[in-house]
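[1] kindly generate the corresponding structure for this input.
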Amino acid sequence: MRKLGIAAVLVAAGVIAASGVFAQELKFDGYVNTGIGILSTDAKVLDGTGPDTKAADIKVVPFGVDSEQAGYRFRLNGSYASEDGNTGAKFRLQAQSKFTLGALSIPYAYGWASFFDKVLTVNGGLVDDGTWASGGFFNDDAGEGLGTLIKVSPIGGLNLGVGAYVISAKGGGDNNIIEIPAGEAQAPASDPVTDFTKIDIGLDRLKYTFNAGYTLPDLFKITLAFRTANQTGDKTSKYADSDSEVFASTETSKLIFGAQILAVKGLTAVVEAEADKLEDTGVDKEKDNIDVNIYEALDYKLGDLAFGLNAVQNIRVEKDVDKDFGLHINPWVSYALGVIVPRLDLNYYLAGTATTTPVTSGVTSMSTKYHRKVFAYKDNGDADDVSVFAARPSVKFNVGKGTIEIGDLIAYAMGPAGSFADAADTEKSSSFNNVFYVDFKWSF
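    Numbering: from 1, shown residues only. Alright, predicted model coming up:
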């Protein structure tokens, strides 16, 4: 199975070529997103001349709202289909800051062909099919990747799928890579392996996905997905036993459930749940643990008024270790005044923290998280829980095909003594961070 990756690419090329012969409609769309963020914190740092301390520097950096990180994003989507609608292809080109493998990535590029009046559809290439996405903000339909996905729709509304992938697809685009695991190195440890002939990719190492979904129009949508671990992941083992082939998998084995209500106009109501790390996590099976995350998204639009609540619960189960229970709630409200849309977000995260604190590493000199996803679960071990409260007032201006958004994120984190120690106070128990930003997005 050494050349399974090459075979998957050839499948995609064949399907795309077949589509090209009959292509009648070629479509492009995308957007450009960037902005400016001004980050400040109450943390103290050494002033560099002695034992004295000073306030941490204010950071002014690129700050794209949609890029899911500090910086910018350019995205170009393309698709085409044959005249009869039975074959086609889709691709995405993307450039964004802090991309580790270069300026341009390909999050997905695949061809598809349907048979038997669209009952059977075969996808091949770097696949990213959203058929089983639940519609909430978690939005993981078991992932896809470089390989093949077979979909079957035996009756209206029912979609079943089975996929096999060499590499997982990732939104950031760093999916086009395989690295040799520890003990199996055939190239310098720091070099990615892009030649599939240099690594034995066995059937037992692929990631497999099994998906099912049923949609009853104007009533509900239910999805269920299971994926195995992607064992063609990183070059190093999670554990010290280098004699066994244990991979630091970029994606673990996961079970995902989603339910969405479609019966009420203007209402979005979604519940999603994932049970992660279901595979044996190492040679010592006593290390096995499970992460459970539950997501709720509820919002309602009534004319120009919109309001909602996002929530997350984090449950961590690990042998002989007590983990904190995480609870994140995010109520929000907005009101459209013509092209001007003011909005207020409030956030509280028990066993969570804000990741806006400036750091010195990286080109952007700040956290890789952007302000809408700036909160993360944080286990505090045997100490009391940490928590964070934040408010984000903002206003968006809709200008043609673009938007300008101005906002300010104020985050105050709390915890036991020492949780937020800095150069001036090793017992510091709180942290204050602020991000003022101006964001631009233009769609085409």
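
[2] which residues of this protein score low on pLDDT?
    When residues are selected by pLDDT under 70, those of the chain lie in 1-24, 50, 65-71, 97-103, 137-143, 168-202, 231-251, 279-288, 355-373.

[3] if you set the cut-off to 50 instead, what comes out?
    Within the chain, the segments meeting pLDDT under 50 span 1-13, 15-23, 99, 176, 179-198, 233-248, 281-284, 357-371.

[4] show me which strand runs longest in it.
    The longest strand of the chain (DSSP state E) is strand 23-41.

[5] which strands or helices does that one pack on?
    Here strand 23-41 touches strand 59-62, strand 73-82, strand 430-443, going by 3 or more C-beta pairs under 8 Å, 6 or more residues apart in numbering; DSSP states H and E. Yep, even glycine has a C-beta here, placed from its N, CA and C like the rest.

[6] list the buried ones in the first one?
    Using 16 or more other C-beta atoms under 10 Å as the burial criterion, the residues of strand 59-62 that qualify are 59, 61, 62.

[7] and what of the last one?
    The neighbour-count check on strand 430-443 (16+ other C-beta under 10 Å) flags 431, 433, 434, 435, 436, 437, 439, 440, 441 as buried.

[8] what residues are bridge-paired with the third one?
    It stands for residue 434. Beta-bridge partners recorded for residue 434 (DSSP bridges): residue 40, residue 410.

[9] any idea how far it is from residue 392?
    11 Å (C-beta to C-beta, to the nearest Å).

[10] next, show the common contact partners of the two.
    Common contacts of residue 434 and residue 392 (C-beta atoms under 8 Å, 6 or more residues apart in numbering): 408, 409, 410.

[11] and which of those is nearest residue 399?
    Each of these was scored against residue 399 by C-beta to C-beta, and residue 408 proved nearest at 20.7 Å.

[12] and the closest residue to the closest one other than its chain neighbours, how far is that from residue 36?
    Nearest residue to residue 408, sequence neighbours excluded (C-beta to C-beta, 6 or more residues apart in numbering): residue 436, at 4.8 Å. Per C-beta to C-beta, residue 436 is found 9 Å from residue 36.

[13] please apply the same query to residue 388.
    24 Å.

[14] dump the shared contacts of residue 434 and residue 392 to CSV, plus distance to residue 78.
    Listed next are the shared contacts of residue 434 and residue 392 as CSV, based on distance: C-beta to C-beta, whole Å:
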residue, distance to residue 78
408, 37
409, 34
410, 40
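
[15] who wins for most neighbours among the residues you listed?
    residue 409 (24 neighbours; other C-beta atoms under 10 Å).

[16] any idea how far residue 40 is from that residue?
    Taken as C-beta to C-beta, the span from residue 409 to residue 40 is 11 Å.

[17] mutual contacts of the two, please.
    Counting by C-beta under 8 Å, 6+ apart, the contacts common to residue 409 and residue 40 are 433, 434, 435.

[18] which stretches in this structure count as helices?
    Assigned by DSSP state H, the helices in the chain fall at 4-22.

[19] next one: the longest strand of the chain to chain centre, how far?
    For strand 23-41, the separation from the chain centroid amounts to 16 Å (computed by C-alpha atoms, centre = their mean, to the nearest Å).

[20] buried sites along that strand?
    Result for strand 23-41 [16+ other C-beta under 10 Å]: buried residues 23, 30, 31, 32, 33, 34, 35, 37, 39, 40, 41.

[21] the second one reaches residue 444, doesn't it?
    Yes: contact criterion C-beta atoms under 8 Å: residue 30 and residue 444 qualify, at 6.0 Å.

[22] residue 44 contacts residue 423, doesn't it?
    Yes: between residue 44 and residue 423 there is a contact at 5.0 Å, judged by C-beta under 8 Å.

[23] now do the shared contacts for the two.
    Contacts common to residue 44 and residue 423, judged by C-beta under 8 Å, 6+ apart, are residue 53.

[24] follow-up on the earlier one: so can I have CSV of the buried residues of strand 23-41 showing distance to residue 273?
    Formatted as CSV, those follow (distance: C-beta to C-beta, whole Å):
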residue, distance to residue 273
23, 40
30, 32
31, 31
32, 35
33, 30
34, 34
35, 33
37, 33
39, 34
40, 37
41, 34
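
[25] about what we covered before: and the angle for the longest strand of the chain with strand 430-443?
    Relative orientation of strand 23-41 and strand 430-443, computed by axes from the mean of the first three to the mean of the last three C-alpha atoms, to 10 degrees: 150 degrees.

[26] next, the angle from strand 23-41 to strand 73-82.
    160 degrees.

[27] strands along the stretch 201-350 of the chain, start to end?
    Assigned by DSSP state E, counting those that start in this stretch, the stretch 201-350 of the chain shows strands spanning 207-216, 220-227, 254-261, 267-276, 289-302, 305-318, 326-335, 340-350.
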